[in-house]
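A.B. asks: Fold the following, please.
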Amino acid sequence: AESVPALLDMVVAGHRDTDAADTLGVLASDEATADRVAGAMTARLADTATRAPARGRLTQALADIPGPVASRALTELSH
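C.D. replies: Numbering: from 1, shown residues only. Okay, the predicted model is just below:
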């Protein structure tokens, strides 16, 4: 769980982003961690400094995170 910020940095930077996203999905196997990961992704998506390519990668990674926080965020993003 301590690696979540570094993994998110990798997704945002596009450096081994697929591997980082897959790892985040594995880490999010329990509800509490899934909510934490989804919340961190949502915060990055809401940050105005996050550029469009990074937003796309974060959204794709978010789709692999289970739970209501990720689902709500994806629903909001679809609007």
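A.B. asks: what about residue 31, how many residues close to it?
C.D. replies: Here the number of neighbours of residue 31 (other C-beta atoms under 10 Å) works out to 12. The C-beta positions use only the backbone N, C-alpha and C, and glycine is treated the same way.
A.B. asks: whoops, residue 3 was the one
C.D. replies: 12.
A.B. asks: Give me the local confidence score for it.
C.D. replies: Residue 3 carries a pLDDT value of 93.
A.B. asks: Now for it: which residues touch it?
C.D. replies: 23, 27 (C-beta atoms under 8 Å, 6 or more residues apart in numbering).
A.B. asks: tell me which strands and helices the host helix or strand of residue 74 is in contact with?
C.D. replies: According to DSSP states H and E, residue 74 maps onto helix 68-78. Helices and strands touching helix 68-78, by 3 or more C-beta pairs under 8 Å, 6 or more residues apart in numbering; DSSP states H and E, are helix 31-46, helix 52-62.
A.B. asks: For residue 63, which non-adjacent residue is closest in space?
C.D. replies: Nearest residue to residue 63 in three dimensions, chain neighbours excluded: residue 74, at 6.4 Å (C-beta to C-beta, 6 or more residues apart in numbering).
A.B. asks: For that neighbour, give me its contacts.
C.D. replies: Contacts of residue 74 (C-beta under 8 Å, 6+ apart): 59, 62-63.
A.B. asks: Which of these ranks first by neighbour count?
C.D. replies: Counting by other C-beta under 10 Å, top hit in the contacts of residue 74: residue 62 with 24 neighbours.
A.B. asks: so that one touches residue 41, yeah?
C.D. replies: Yes. Using C-beta atoms under 8 Å, residue 62 is in contact with residue 41, at 4.9 Å.
A.B. asks: quick one, what contacts the residue nearest the centre of the chain?
C.D. replies: When C-alpha atoms, centre = their mean is applied to the chain, the residue found nearest the centroid is residue 41 (3.7 Å). Going by C-beta under 8 Å, 6+ apart, residue 41 touches 8, 24, 58, 61-62, 65, 70, 73.
A.B. asks: outside of stretch 7-18, which residues touch it?
C.D. replies: Taking C-beta under 8 Å, 6+ apart as the rule, stretch 7-18 contacts 19-21, 23-24, 27, 40-41, 44, 50, 53-54, 57-58, 61.
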